[in-house]
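J.: One predicted model, sequence on top.
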Amino acid sequence: MVIEQIYTGCLAQGAYYIESNGEVAIIDPLREVQDYIDRAEKNKANIRYIFETHFHADFVSGHLTLAEKTGGTIVFGPNATTKFDSHVAFDGEVFKVGDLSIIALHTPGHTMESTTYLLKDKQGKDIAIFTGDTLFLGDVGRPDLAQKTTMTQEDLAATLFDSLRNKIMPLADDVMVYPAHGAGSACGKNLSKETVGTLGDQKQHNYALRKDMTKEEFIKEVIDGLLPPPAYFPLNVALNKEGYKSIDEVIKTGAKALSVNDFDLVANETDAVIIDVRHQFEFVKGFIPQSIFIGLGGTFAPWVGALVKDIHQPILLVVPDHMEKETITRLSRVGFDNVLGYLSGGFESWVASGKEIDTLKSVTADVLAQEIDKDAIVFDVRKPGEYTSEHIENISNTPLDFLNDHISEFPSNKDFYVHCAGGYRSVIAASILKARGYNRVIDVAGGYGAIKKTKIKRTQVTACSNSK
């Protein structure tokens with residue numbers, strides 16, 4: 001028996017490879033599927049099933065491509081409807097994979113088709129549950145992402161409570177829990193950094209599995225503090241339900257090297273957004289005017305999804321050497337398939353051509369400390385939870401996730417400063433603001449980590465009610 005978690009940190013997503021006696025099941029695969037195929041071929045095994053725990057909102061799954069390339073059967077849980085061939089399991093249905101059994105446990109609540117897959121060994125012992133977004137380590141799936149339903153988030157939370165109590169918690173404490181996501185995912189609010197655990201540990205430490213918890217308490221605690229989901233989530237759900245282009249086609253189309261002149265021509269003749277994926281330290285020193293920074297070094301694809309909004313948006317890329325395929329692949333994971341090409345030779349070729357460049361002013365936290373004494377205007381673009389924990393005294397929170405909703409709140413005629421935790425998100429924010437004509441934006445290098453080392457006054461709040 002082989003159980004492998006294939007974890008993609010930049011998406012905080014876990015896919016699973018299960019093998020027994022020459023047969024393989026894949027659970028929640030990423031869109032690029034060759035890795036799963038290579039693993040099976042190396043072991044001379046065949047991929048028999050592709051299990052989907054639900055219609056994912058935060059990434060485009062690889063179920064269609066994997067089925068086309070291997071002949072494996074796509075399996076969804078009850079209530080699922082697709083525009084492609086799939087097997088809709090009934091609650092309790094058993095699937096054989098070699099000497100193993102995989103049982104579909106319908107666990108609605110995150111979405112109505114959400115299903116947990118229980119793995120039993122040859123002797124019938126419960127080994128593990130693959131919980132999708134029903135149960136995370138430290139949290140449960142948010143109940144506000146189900147598409148096209150008359151149920152409220154309160155209704156879904158109540159359903160999730162029943163699913164957890166009736167299907168998950170009765171299982172033995174030594175059963176392993178393999179969730180679809182870890183810390184950093186927008187599918188929950190309190191996910192652990194750990195990506196594998198035991199059910200017994202979750203019964204002890206996961207707030208949502210408290211034995212004495214009433215349904216009303218569960219609903220309140222699960223819903224409390226939920227931020228609006230990223231705009232691309234429903235678009236990804238649609239792709240996972242209805243189908244999508246092969247990632248091979250997406251990469252072939254997008255990985256088109258453009259000369260400086262051709263790149264400039266395409267940028268001027270289309271409404272393409274230019275995304276520069278270099279490190280923020282390089283970006284602030286020089287970039288193509290009107291381009292925005294979203295670096296590959298961070299959670300690149302989710303930030304593109306949160307800030308670009310429309311997955312059909314044409315995109316031009318500025319990438320380091322030989323990183324164009326990686327960049328296009330990451331974009332495709334969240335459904336952004338409309339890459340028109342990348343700048344051949346990278347930013348250096350743009351500079352060498354003599355074309356205009358722009359820069360971003362960045363100062364140290366010590367400089368900010370001096371300016372705060374002069375009533376500097378400062379924006380904190382961290383997440384509300386980070387802001388709540390501690391922030392600069394007398395400034396409010398404008399999370400990067402919702403920057404587009406607050407553009408008008410930034411001053412256009414005076415200097416202002418933006419900071420995050422370490423410098424990545426603030427450069428994203430500053431680049432977007434500068435592209436919108438807010439030329440007096442100033443980045444705080446090192447973010448709050450550097451600010452804490454200064455004499456700048458800081459404070460804490462007990463709720464997120466002051467967050468924008």
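T.: Noted; the coordinates are in hand.
J.: What segments of the stretch 301-450 of the chain are helices?
T.: Counting by DSSP state H, counting those that start in this stretch, the stretch 301-450 of the chain has helices at residues 324-333, 346-352, 365-372, 384-389, 424-435, 447-451.
J.: who does the helix or strand hosting residue 201 touch, helix- and strand-wise?
T.: Under the criterion of DSSP states H and E, residue 201 resides in helix 199-205. Helices and strands touching helix 199-205, by 3 or more Cβ pairs under 8 Å, 6 or more residues apart in numbering; DSSP states H and E, are strand 176-179. Backbone N, C-alpha and C define where each C-beta goes, glycine included.
J.: what does the strand it packs on rub up against?
T.: Taking contacts as Cβ atoms under 8 Å, 6 or more residues apart in numbering, the residues outside strand 176-179 that touch it are 3, 5, 14, 16, 27, 127-133, 135-137, 195-199, 202.
J.: and residue 323, what pLDDT?
T.: The score at residue 323 is 96. That number is its pLDDT.
J.: Return the residues in contact with it.
T.: The contact partners of residue 323, by Cβ under 8 Å, 6+ apart, come to 277, 296.
J.: Tell me which entries of the contacts of strand 176-179 lie within strands.
T.: With DSSP state E as the criterion, strands contain 3, 5, 14, 16, 27, 127-132, 197-198 from among these.
J.: Which one of those residues is nearest to residue 55?
T.: Residue 55 lies nearest to residue 132 out of these, by Cβ to Cβ, at 10.2 Å.
J.: I'd say that closest one and residue 111 touch.
T.: No. Counting by Cβ atoms under 8 Å, residue 132 does not reach residue 111; the two are 9.1 Å apart.
J.: Spit out the residues that contact these two alike.
T.: Here residue 132 and residue 111 have residue 54 as joint contacts, going by Cβ under 8 Å, 6+ apart.
J.: And the protein, what are its domain boundaries?
T.: 2-234, 245-352, 362-459 (automatic domain parsing).
J.: From one end of the last one to the other, what's the distance?
T.: Think domain 362-459. 24 Å (Cα to Cα, to the nearest Å).
J.: quick one, helices of the stretch 1-150 of the chain?
T.: Taking DSSP H, counting those that start in this stretch as the test, the helices found in the stretch 1-150 of the chain are 34-42, 63-70.
J.: Pick the most buried one from the ones you listed.
T.: Across these, the average number of neighbours (mean count of other Cβ atoms under 10 Å) peaks for helix 63-70, which reaches a mean of 21.
J.: Which strands or helices does that helix pack on?
T.: Judged by 3+ Cβ pairs under 8 Å, 6+ apart, the packing partners of helix 63-70 are helix 34-42, strand 46-51, strand 73-76.
J.: can you put those in JSON lines and add mean pLDDT?
T.: What follows is the helices and strands packed on helix 63-70, written out as JSON lines (pLDDT from 0 to 100):
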{"stretch": "helix 34-42", "mean pLDDT": "97"}
{"stretch": "strand 46-51", "mean pLDDT": "98"}
{"stretch": "strand 73-76", "mean pLDDT": "98"}
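J.: before we move on, back to that, save the helices of the stretch 1-150 of the chain as a markdown table, and put in distance to residue 322 too.
T.: Listed next are the helices of the stretch 1-150 of the chain as a markdown table, based on distance: least, Cβ to Cβ, whole Å:
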| stretch | distance to residue 322 |
| --- | --- |
| helix 34-42 | 18 |
| helix 63-70 | 24 |
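J.: So, low pLDDT: which residues of this structure?
T.: 147-148, 461-468 (pLDDT under 70).
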